[in-house]
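1. Kindly return the folded structure for what I paste below:
(chains A, B and C)
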Amino acid sequence: MSVTLKSIVDFWREYRRYPIGLVGLGLLLLLIIAALTFPIFGDYQVVKNWLTNQEYFQDYPRAVPPCWVGLLTGQSQTQTIIAKDAEVASFVAVEGPVQGEDGYVRYRITATFTVTGATEPSDVALEAYMSYQADPPGVLIEEIKVVRPDGKEFYLVKPVLPGGLNVNLPLETVAPTIGTVFGYPNTKLPGADVPFSLVGLAQNPVVITRFILPTLTQEYGAELAGASLSQLLTNVYRAIFSDDIAAALKGEDYNVLQGDYQVIITFAGKNLDMEIEPKKFVVKGSCYGLLGTDDKGRPLDQGIYYGVRWALIIGLLTSVITVVVGTLYGIAAGYIGGIVDEVLLRFAQVVYSLPVLPLLILLAALFKPNIWMIIILIVAFSWPGISFVTRSMALQIKSEPYVEAAIAAGAGTLRILILYILPQVLPYMFASMALSVPGAVIAEASLSFLGLGDPDLVTWGKILYDAQDAGAALNGYWWWVIPPGLAIALVGMTFVFIGNALDTILNPKLKR
Amino acid sequence: MAQANGDIVLDVRDLKVWFPLRRSISEIVTMKPRRYVKAVDGVTFKVAKGEVFCLVGESGCGKTTTGKAILRLVDPTGGQVLFKPKPEILKELERRGIKPVDGGYVDLVRVPKGKFKPLRRELQIVYQDPYGSLNPRFTIKRILEDPLIIHGIGSPKEREEMIARILEAVKLTPASDFMTRYPHQLSGGQRQRVAIARAFILNPSLVVADEPVSMLDVSIRAEILELLLDFRKKYGTSLIFITHDLAVARYICDRIAVMYLGKIVEIGDARRVIEEPVHPYTKALVAAIPEPDPDNRLRIREVPIKGEVPNAASIPPGCRFHPRCVEYEQDKERLDALCPVKEPPLDRPINAAPGDERLVACWRYIEK
Amino acid sequence: MAELLRVENLKTYYNTLRGIVRAVDGVSFTLRKGEVLGIAGESGSGKSTLAWSLLGLVPPPGYVKEGHIYLDGMDITRMSEAELRKKVRWKKISMVFQGAMNALTPVYTVGRQIEEVFKIHAPHMGKQEVWNRIYELLESVGLHRSIAHRYPHELSGGQKQRVVIAMALALEPDIVIADEPTTALDVVVQAQILNLLKRLQREKGLSIILITHDLGVIAELAETVMIMYAGKMVEYGPADLVFTRPKHPYTEALLKAIPRLRGPVDKLIYIPGQPPDLTRPPPGCKFAPRCPLAMDECHEKEPPLFKLVDGRLSACWLNRNEALEAGG
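-> Numbers count the residues shown, from 1 in each chain, chains lettered A, B, ... in the order given. Here you go, the predicted model:
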């Protein structure tokens, strides 16, 4: 009985015959899944902090390409590790308290990670909740060292006397306090999140001059002859990961030493009572995720994943409103006819002939751009195209004898419009809805790209705007520019495929 | 057969339908008067109850426009269309504030569009094209139910019964089988029967049938015509039958009006007019019709007419037929002061046979 | 007179989703020089398909299944498209298509469109020669030569139909097929066009195949009449006989269904029912389900074309007794 159901089934049978339409439908399904699964697989915190809180992204490596690039180029990359809370345990171990024979209580943090890439990680960072209490002079840092895959130990902090003499003196006279190195209270910390950064240490002038340099001169004294202090200051961090430490220190060519590294921090103190709870461990690798990061460390895969939602919302909402407005306008003009038609048609033609983008730019600049406002603006300029077609359809249907027969039977205007004209226009509406999605997505992206988008929204256009702002193309950050562009194209393609299939089915003139 | 002086259902007086032509900018600027296509230019006739009244003529003569103007499907420019609805419809109209003219007539031209609805029950139309006149998205049942729903007639069950009855009346049986079908599943003849059923389901007093058989195969035309005549007989419906085919008109019409360029040139008893035409145009039409007689092959058919139909936007002065008229040509000296100058009225021909009620608009036959 | 065209057992079918439509199903006839053959039948009887077959222009999914069409001794069913175009179409056989007058290109003058025919089919002719011929052609169909420089929208329906006829005559073919040449025209113009065809046929000795549903039009022109029903020829013979003493019940019913201008106003008869679905035709005589005279035999066995004593052909079992022999 149900005519609608039957016609839907018939329609589907017909639709199936167009491979291009099926491809479009498959893509649409993927896009919808992407939009819906973001809460499950996506990281909402990332998106929330995207535009407003750049500190959130300090743990991410900046402007690094996607990790799969290594696979393509054959160049190995160092994976980025961002481990939090429970995950940290697999990278970071805490030992202690250990009562030494020398009367010191010791605690030790050991962080293990692997460097696989041709470049060193841009930082290795640890954050831990710490509380401690110790007799004066307080908590001492006995050593901070990096144990390298080649077995060498690179000391960042080591008990040494000024002048480089290593004498067996009581620890408290040769080891620095926690205050000297990190600036924390020496004897008592009631409890705080304490950050630790390898780069920070390797660039800390106090640490370099007091500990690192003496150690290095001890070991490589001869080789370092001629190197300036400023060179050493800038190159220490690289040297940690270099297969030729001396060369690296002098700024000469070196290779990154690949393999397992350990960062070991040893705390010591008299009657030391310490609680160390690692919260976060980060190795900022040379690549990140599926789509890399931008210059602020924001992971682009999350941004683009999230952008699907807005692309669909903007695209569909805009096209639906556009088509409904355009259709109603067109039908009204065509059906009522006469002077009303004339006025409506002229108005639509005027709107149609306005230069859209410049006007959108002007309006977006005048009003505070917000996404709903943008949708309304796009609609305001794109309905006339639809209305021209529906007007002529209404004109044509109006002159069908069966419509006149309905009028002769006494049917009122509303009845004619709803029962006779609308059902005929409906298929066209669906096709043009599909076909006007790409335009809407691109219009929004264009506005965002020009910096006139909704400032509170992560959209593909916004990502592209940031890329442009940061000179991404000039710096060769292709992973920042191409994926959002492709994503926009993909949404466009999806709906063009669907729209073309619909159009071919519903518009018999195009049928071959 | 009802006579013209019987119970008159429809009285059309000087009906005019002019379509304004679009003016160019220069015409608007120079304030040139608006020009019109005078599709119907002063048509007068009466239709009696139960009568089949024919409007014949070539394409563009205004016959269809006349029919539609009577039904207010196009808006008349002038004139009166006095129509006598059934008493209950008249009461409904009075309730809506429409005062009948004396004798229970309503001037259809003066009824505001918003108050016309009750009259739609009384005035129906059957179209030429059985393919275009049925909504392709509706089932036959829905097509026939629509007029009933519009006028709030019956419960769904009663309506279904009415539809079944009318389908049987147009010989689409079994009715239940046809109800669920769509127009494209029917043949042309079957569709036309649905169209007739739709026109008669509201039991109207007047039906305009606009070339209802000209798109059908010859072998089934008679069947459709018979149906129309059956309904007319059963319900006393008056029919305005519009056709270009004089032979068909001869078979089914009581009275006939021949139209040329928006005016009636000859009106009268159908058989008399066709068999003994008086107006030169009617004569030409009759002479032009090919009959299935093999002897015709041997001679060239003489059609006493010159040139072609002029544009309805530039109607010749005087008698609008005179530039094509061979009789004016033959009798030019006498008629030169009349035909090209003065429009002939519809009048009785001077030497009409007794009992011949026909009227002719030709100076040659009405001027003493 | 000389035989120009001989069609033997022509079958033209269409492959459709619903099955094979036997649009023309075993039609045979001959056409002499100067003969006018009228082919009459209702919509769907296969008369237009027959015409297209004669030009090798059956639109897909249609095709000539079997049979022969001999034109001047050549079998055109065996010819390639290129040969047809070079030797047959427009030179030997041309056609006035149904509705062709509304298919004139609105952007070219009438003369240019006729010139196109020469360009395609007679490229060797010089421009001056072609244009002289165009003027000549227009005058021969009763139009002024200035019409050559007008656009189709400036012409009336009758003038356009004359132009289309002039186009068909451009290369002086032996046979002109006219498919419903007057259907869209008003009666007065129709009469003029029929007169034109009559005159052309007499003056040029043209053979015309006139295809129409209107028996009145056939009577105006045709010397021989073929009545088709459901892809079959049901009656064939001289017009005088077919119109006055039809032998096939279908022909008889058709004639009685036509309202007349003269004579007594009888009740018009009609043929009940509708033509058969050509994908599933009835087993016996195709007309049997609608035939008032049908016997049991008619529903079972298809009648052959009987050749009658008076020389005509009729496919009805009732004519068995008058038959000389069972033909086609």
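
2. In contact with residue 84, which residues?
-> Assuming you mean chain A. A:Lys279, A:Lys280 (Cβ atoms under 8 Å, 6 or more residues apart in numbering or on different chains). No exception for glycine: its C-beta is placed from N, CA and C like everyone else's.

3. hmm, I had chain C in mind actually
-> Counting by Cβ under 8 Å, 6+ apart, C:Leu84 touches C:Leu55, C:Gly56, C:Ile76.

4. repeat for A:Tyr15
-> Applying Cβ under 8 Å, 6+ apart to A:Tyr15 gives the contacts A:Gly21, A:Leu22, A:Leu25, A:Ala501, A:Leu502, A:Ile505.

5. Kindly report the residues of the stretch 51-200 of chain C close to chain B.
-> Within the stretch 51-200 of chain C, the positions adjacent to chain B are C:156, C:158, C:186-192, C:194-195, C:198-199 by Cβ under 8 Å from any Cβ of the partner chain.

6. among those, which ones are buried?
-> Burial by neighbour count, judged by 16 or more other Cβ atoms under 10 Å in any protein chain shown, picks out C:Gly158, C:Asp186, C:Val187, C:Val188, C:Val189, C:Gln190, C:Ala191, C:Gln192, C:Leu194, C:Asn195, C:Lys198 from those.

7. Report the two of those residues separated the most.
-> Spanning the widest gap among these are C:Asp186 and C:Lys198, at 18.5 Å by Cβ to Cβ.

8. Can you report how many residues neighbour the residue nearest to A:Phe381 when sequence neighbours are not counted?
-> With sequence-adjacent residues excluded and distances taken as Cβ to Cβ, 6 or more residues apart in numbering or on different chains, A:Phe381 is closest to A:Val356, at 4.6 Å. By the criterion of other Cβ atoms under 10 Å in any protein chain shown, A:Val356 has 18 neighbours.

9. what residues are up against A:Leu213?
-> So A:Leu213 contacts A:Leu232 (Cβ under 8 Å, 6+ apart).

10. Look up how far A:Val206 lies from it.
-> Using Cβ to Cβ, to the nearest Å, we find A:Leu213 at a distance of 11 Å from A:Val206.

11. still on that earlier bit, can you tell me which of the contacts of C:Leu84 has the most neighbours?
-> Each of these was scored for neighbours by other Cβ under 10 Å, and C:Ile76 scores highest at 24 neighbours.

12. For it, which non-adjacent residue is closest in space?
-> The shortest distance from C:Ile76 to any non-neighbouring residue, by Cβ to Cβ, 6+ apart, is to C:Ile69 (4.9 Å).

13. same thing with C:Ile20?
-> That would be C:Tyr13: by Cβ to Cβ, 6+ apart, it lies 5.2 Å from C:Ile20.

14. From what I see, that neighbour and C:Pro60 are in contact.
-> No. Look at C:Tyr13 against C:Pro60 with Cβ atoms under 8 Å: they stay out of range, at 11.7 Å.

15. out of these two, which sits in the busier spot?
-> Each of C:Tyr13 and C:Pro60 has its neighbours counted (other Cβ under 10 Å); C:Tyr13 has more, 22 against 7.

16. Can I get stretch A:185-194 as PDB, trimmed to CA atoms?
-> Extracted C-alpha coordinates of stretch A:185-194, given in PDB (Å, rounded to 0.1, in the frame of the first residue of the first chain):
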ATOM      1  CA  PRO A 185      62.700  24.300  48.400                       C
ATOM      2  CA  ASN A 186      65.700  22.300  49.700                       C
ATOM      3  CA  THR A 187      64.300  20.700  52.800                       C
ATOM      4  CA  LYS A 188      60.600  20.400  52.500                       C
ATOM      5  CA  LEU A 189      58.000  20.300  49.700                       C
ATOM      6  CA  PRO A 190      54.500  19.500  50.900                       C
ATOM      7  CA  GLY A 191      53.500  18.200  47.500                       C
ATOM      8  CA  ALA A 192      53.500  19.600  43.900                       C
ATOM      9  CA  ASP A 193      53.600  18.700  40.300                       C
ATOM     10  CA  VAL A 194      57.200  19.000  39.300                       C
END
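
17. near chain A, which residues of chain B show up?
-> Residues of chain B lying close to chain A by Cβ under 8 Å from any Cβ are B:68, B:71, B:73, B:116-117, B:120-121, B:123-125, B:127-129, B:132-137, B:139, B:146-147, B:150-151, B:195, B:198, B:202.

18. residues contacting the residue lying farthest from the centre of chain C?
-> Seen from the C-alpha centroid of chain C, the residue lying at the greatest distance (Cα atoms, centre = their mean) is C:Gln128, 34.2 Å away. For C:Gln128, the contact set (Cβ under 8 Å, 6+ apart) is empty.

19. For A:Asn204, grab the count of nearby residues.
-> A:Asn204 sits with 19 neighbouring residues when counted by other Cβ under 10 Å.

20. Identify the residues contacting it.
-> Taking Cβ under 8 Å, 6+ apart, we find A:Asn204 in contact with A:Val181.

21. Okay, helices next: where are they in the stretch 251-368 of chain B?
-> B:270-275, B:280-288, B:326-330, B:332-335, B:363-366 (DSSP state H, counting those that start in this stretch).

22. what packs against the first one?
-> So that's helix B:270-275. helix B:246-252, strand B:255-260, helix B:280-288 (3 or more Cβ pairs under 8 Å, 6 or more residues apart in numbering or on different chains; DSSP states H and E).

23. how far out from the middle of the chain is the first one?
-> Right, helix B:246-252. Its chain's C-alpha centre and that of helix B:246-252 lie 14 Å apart, by Cα atoms, centre = their mean, to the nearest Å.

24. Would you mind listing the residues in contact with A:Ile32?
-> By Cβ under 8 Å, 6+ apart, the contact set of A:Ile32 is A:Leu312.

25. Oh, that last question was meant for C:Met167, not what I typed.
-> Neighbour list for C:Met167: C:Ser94, C:Gln113, C:Ile114, C:Val117, C:Leu137 [criterion: Cβ under 8 Å, 6+ apart].

26. Please repeat the previous calculation with a cut-off of 10 Å.
-> By Cβ atoms under 10 Å, 6 or more residues apart in numbering or on different chains, the contact set of C:Met167 is C:90, C:94-96, C:100, C:104, C:110, C:113-114, C:116-117, C:134, C:137, C:141.

27. Flag the shaky bits of the stretch 201-350 of chain B, pLDDT-wise.
-> Counting by pLDDT under 70, the stretch 201-350 of chain B contains no low-confidence range.

28. any idea where the strands of it begin and end?
-> For the stretch 201-350 of chain B, the strands defined by DSSP state E, counting those that start in this stretch cover B:206-210, B:238-243, B:255-260, B:263-269.

29. Tell me how far the residue farthest from the centre of chain C lies from C:Leu308.
-> Using Cβ to Cβ, C:Gln128 is found at 55 Å from C:Leu308.

30. Could you do C:Ile177 as well?
-> C:Ile177 sits 27 Å away from C:Leu308, taking Cβ to Cβ as the criterion.

31. These two: who's more crowded?
-> Between C:Ile177 and C:Leu308, C:Ile177 has the larger neighbour count (other Cβ under 10 Å), namely 25 against 20.
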